[in-house]
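Chemist: Pasted the sequence and its predicted model underneath.
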Amino acid sequence: MMYSLWISAPTENSTHNSYNSCVMLLSMNTSQKGFIAPLILIIIAVLVFGGGAYVYTQTKQVNQSVTATSTAQTVNSQTSDWKTYTNYAFGFSIKLPPNNSVYTCGGDYLSNPQLADEKSYRVFILENPTEIDLIKSCDYPELSSHNRLSIYASQRGPNDYVGLVANWKKSYGDGEYTTISELTVDNHSAILQTKVEIPNNSNQYKEMAIDGGKYLYIVTIDKRSDSLEKILTTFQVIPAKDTFSYWQTLKSSDLGIEIGYPYNYRADSTTTFVTIYPVPQPIEFGPGLGVSRKSVPVGTNIDTYVSNFLQSMSVKERGTTIINGINWLKARYEVSNDVGPGGTNTAYFTIHNGYVYTITYGEAYTIHVDNFEKIVSTVKFTQATSVAQTSPSENKPGPVGIILPATCHVTSQTPNSWMIDCGPTNDARGVFGAIIEKQGWKYCDHGLASAYWWKDGVITTVSESPNENGIPFQIMQGTSTSCFQQ
C-alpha cells in the first residue's frame with residue numbers, strides 16, 4: 001500500500017488537526033506496524049516541536065509589544081508636564097523639563113548663548129540648567145566643559161544622508177572604541193555612533209544623524225546622561241514652515257526695496273547691497289543671492305548695460321520677465337571662480353529711478369535654486385527709493401593713499417573700512433591690485449578671496465565679495481612697518 005503524507009506549519013487549529021491525523025494512522029492495518037511506528041513518532045515530534053515553537057514565538061511577540069507599549073507609556077507619563085520647543089524653520093520639536101531651556105549660539109562664538117527661537121539651526125540643552133550662568137561665550141573650549149545635548153540642522157541634499165552613513169561606516173566601523181548602529185527615530189532613518197574614551201568606562205560621546213527628509217539633523221550628547229537621553233527620546237520631525245505666509249521680509253530704505261526670504265535663511269544689508277543665504281552655510285563661500293544697485297547716467301539703456309556686463313561671459317540664456325509689475329532682463333551665464341564653486345549664474349537687471357538693480361545667484365547648489373527663484377519673485381520697490389545723480393561718484397573719501405578710478409566709488413564706510421563698487425569686474429588681485437600697484441603699493445601676499453599690499457606704513461587688505469559677481473568688495477587699512485610686521 002502507498003501512503004501520501006502532507007505536513008503543514010502549525011496554526012491555531014493545529015492541535016485538533018494533529019489529533020485527527022494520529023487517530024487515522026493508528027487505525028490502519030496492523031500489518032503495517034513495522035513501517036508506521038517510527039513514522040508516527042517522527043510526526044508527533046515534529047508537531048509537538050512546531051506547536052511549541054509557535055506558542056513561544058507568539059508569546060514573545062506579545063510580550064515585546066506589551067514591553068514597547070509599556071515603555072512608551074512610561075516615557076510619556078514622565079514627560080507629560082514637560083514643555084515643548086518647536087522649531088518651525090527646520091522642522092523639529094523636542095520636549096524638556098520646565099526648569100530647562102533651549103539655547104543657541106548661531107554663528108557668533110564670542111557672544112553669550114541666547115534663548116533659541118523657532119528659526120535657530122544650531123541649538124543645545126544643558127544637562128544642568130543652572131550652568132548657563134557660568135558660560136561666558138560660545139567658544140568650543142568654553143562650551144565643552146558643560147555636558148549638553150546639541151542639535152544641528154541643515155538642508156538635506158539628495159544623497160547627503162546615504163553618503164554620511166557610508167562615510168561613518170567606512171571611517172569608524174565597529175570597534176573597541178566606536179560602535180555604529182542603524183535605528184529609527186520618530187519613524188525616520190538614523191545612524192548612531194558611540195565613542196568610548198576608555199574601554200568599559202562610563203563616559204560616552206554619542207553622535208546621531210537623523211534623516212528628516214527635507215533636513216538632516218546631527219544630534220550629539222557629550223557624555224553619558226540619563227536626563228539628556230530621556231530628552232532625546234522626545235525628538236520629533238515636524239513639517240517645516242516653508243510657504244510664503246511664514247517667510248520673513250527685509251525692507252531696505254537704502255536700496256528702496258523689500259524682499260521676502262524663508263525662515264531658514266538670513267539677510268545682511270548695506271547701503272547698496274543685500275545678501276540672502278541659507279543657514280547653515282555648507283562652506284565659507286556657499287550659496288547666496290545678492291541684490292545690488294549702482295547709479296547710472298540718465299538715459300542708460302538696460303539692454304546696452306547688460307550686454308556690457310555679459311561681454312566676457314558665456315551666455316546660456318537671455319530674455320525678459322515681469323516681477324511685481326516691473327520689467328526685468330534675465331540672463332544665465334557661465335562663470336569661473338577660484339575661491340568658490342563656478343558653474344552657471346542667474347542674474348536679473350532693471351533700471352529704476354536712476355539706479356541699475358542687479359539680482360544674482362549661483363546655480364551650483366541646486367537644492368537652493370527653487371528658493372532663490374521664489375525670493376526673486378518677492379522683490380518690490382518702495383517709496384523710499386531716491387533718485388540717483390547722473391554721476392556715479394558719491395564723493396565719499398576713499399582709503400588712505402589710494403586714488404580710485406572713475407569706474408569705482410565708495411558705497412559705505414567705517415573709520416578703517418570701505419565698501420567699493422567697481423561694477424561687474426571686481427577682482428582683488430587681478431583688477432584692483434593692478435590699479436594700486438601703479439600707485440606705489442607693494443604686493444605682499446594673498447589668502448582666501450583676499451590680498452594684501454603695503455606702502456608708507458599702511459597695510460591694505462582687499463577682500464572679494466562671496467557673491468559670484470563680486471559687487472562690492474571691501475578695503476581695510478591698518479598701520480604696519482612692512483608687509484609682515486604689524
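Modeler: Perfect, thanks for sending it.
Chemist: all strands of the stretch 351-486 of the chain, in order?
Modeler: With strands called from DSSP state E, counting those that start in this stretch, the stretch 351-486 of the chain shows them at 355-362, 380-381, 409-414, 417-421, 442-447, 450-455, 458-463, 473-479.
Chemist: er, the stretch 201-350 of the chain I mean
Modeler: Under the criterion DSSP E, counting those that start in this stretch, the stretch 201-350 of the chain carries strands at the ranges 204-211, 215-221, 236-237, 248-252, 257-261, 265-269, 273-278, 289-295, 314-323, 326-335, 343-352.
Chemist: Highest mean neighbour count out of the ones you listed?
Modeler: strand 289-295 (a mean of 24; mean count of other C-beta atoms under 10 Å). No exception for glycine: its C-beta is placed from N, CA and C like everyone else's.
Chemist: Parallel or antiparallel, list what pairs with it.
Modeler: Strand 289-295 pairs in its sheet with strand 273-278 (antiparallel), strand 355-362 (antiparallel), by DSSP bridges.
Chemist: angle of that strand against strand 248-252?
Modeler: 20 degrees (axes from the mean of the first three to the mean of the last three C-alpha atoms, to 10 degrees).
Chemist: Got the domain ranges for this protein?
Modeler: Split into domains by automatic domain parsing, the chain comes to 14-75, 83-237, 246-381, 409-479.
Chemist: For the ones you listed, give me a markdown table that also has distance to Gly398 and mean pLDDT.
Modeler: Below are those laid out as a markdown table (distance: least, C-beta to C-beta, whole Å; pLDDT from 0 to 100):
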| stretch | distance to Gly398 | mean pLDDT |
| --- | --- | --- |
| domain 14-75 | 64 | 51 |
| domain 83-237 | 30 | 86 |
| domain 246-381 | 15 | 86 |
| domain 409-479 | 6 | 72 |
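Chemist: Could you export those as a markdown table, including distance to Ile403?
Modeler: Formatted as a markdown table, the domains of the chain follow (distance: least, C-beta to C-beta, whole Å):
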| stretch | distance to Ile403 |
| --- | --- |
| domain 14-75 | 70 |
| domain 83-237 | 36 |
| domain 246-381 | 20 |
| domain 409-479 | 6 |
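Chemist: Could you say which one of the ones you listed comes nearest to Gly401?
Modeler: Of all the domains of the chain, the one in closest proximity to Gly401, counting by C-beta to C-beta, is domain 409-479 (5.8 Å).
Chemist: which stretch among the strands paired with strand 289-295 comes nearest Lys206?
Modeler: Judging the strands paired with strand 289-295 by C-beta to C-beta, what sits closest to Lys206 is strand 273-278, at 27.1 Å.
Chemist: Specify the angle between that closest one and strand 417-421 in degrees.
Modeler: Using the same axes, to 10 degrees, strand 273-278 lies at 90 degrees relative to strand 417-421.
Chemist: Outside of strand 273-278 itself, list whatever touches it.
Modeler: If you take C-beta atoms under 8 Å, 6 or more residues apart in numbering as the criterion, strand 273-278 is touched by 155, 250, 252, 255, 257, 259, 261-262, 264-269, 286-292, 368, 371, 375, 411, 419, 466-467, 471-472.
Chemist: Mind exporting the C-alpha coordinates of it to PDB?
Modeler: Only the C-alpha atoms of strand 273-278 are listed here, as PDB (Å, rounded to 0.1, in the frame of the first residue of the first chain):
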ATOM      1  CA  PHE A 273      23.800  95.600  -1.200                       C
ATOM      2  CA  VAL A 274      21.600  92.900   0.200                       C
ATOM      3  CA  THR A 275      22.800  89.300   0.700                       C
ATOM      4  CA  ILE A 276      20.400  86.500   1.400                       C
ATOM      5  CA  TYR A 277      21.700  83.000   2.200                       C
ATOM      6  CA  PRO A 278      20.700  79.700   3.800                       C
END
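Chemist: which residue ranges form the helices in the stretch 151-300 of the chain?
Modeler: 160-171, 226-232 (DSSP state H, counting those that start in this stretch).
Chemist: Can you say which of those is packed in most?
Modeler: The most buried one of these (mean count of other C-beta under 10 Å) is helix 226-232, showing a mean of 16.
Chemist: Using PDB, write down the CA coordinates of it.
Modeler: Once non-C-alpha atoms are left out, helix 226-232 reads as follows in PDB (Å, rounded to 0.1, in the frame of the first residue of the first chain):
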ATOM      1  CA  ASP A 226      20.200  59.700  31.700                       C
ATOM      2  CA  SER A 227      18.400  63.000  31.700                       C
ATOM      3  CA  LEU A 228      19.600  64.100  28.300                       C
ATOM      4  CA  GLU A 229      18.900  60.600  26.900                       C
ATOM      5  CA  LYS A 230      15.300  60.900  28.100                       C
ATOM      6  CA  ILE A 231      15.000  64.400  26.500                       C
ATOM      7  CA  LEU A 232      16.300  62.900  23.200                       C
END
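Chemist: by contact count, what packs against that helix?
Modeler: strand 92-96, strand 148-155, strand 215-221 (3 or more C-beta pairs under 8 Å, 6 or more residues apart in numbering; DSSP states H and E).
Chemist: and these as JSON lines, adding distance to Gly299?
Modeler: Compiled in JSON lines, the helices and strands packed on helix 226-232 are given as follows (distance: least, C-beta to C-beta, whole Å):
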{"stretch": "strand 92-96", "distance to Gly299": "54"}
{"stretch": "strand 148-155", "distance to Gly299": "44"}
{"stretch": "strand 215-221", "distance to Gly299": "49"}
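Chemist: what about Ile326, distance to Asn353?
Modeler: Distance of Ile326 to Asn353, computed by C-beta to C-beta, to the nearest Å: 11 Å.
Chemist: nope, Val279 is what I was after
Modeler: Distance from Val279 to Asn353, by C-beta to C-beta: 32 Å.
Chemist: Those two: which has the busier surroundings?
Modeler: Val279 (20 against 13; other C-beta atoms under 10 Å).
Chemist: Pretty sure that one sits against Arg266.
Modeler: Yes: between Val279 and Arg266 there is a contact under C-beta atoms under 8 Å: 5.3 Å.
Chemist: Could you name every residue contacting both of these two?
Modeler: Residues touching both Val279 and Arg266 (C-beta under 8 Å, 6+ apart): there are none.
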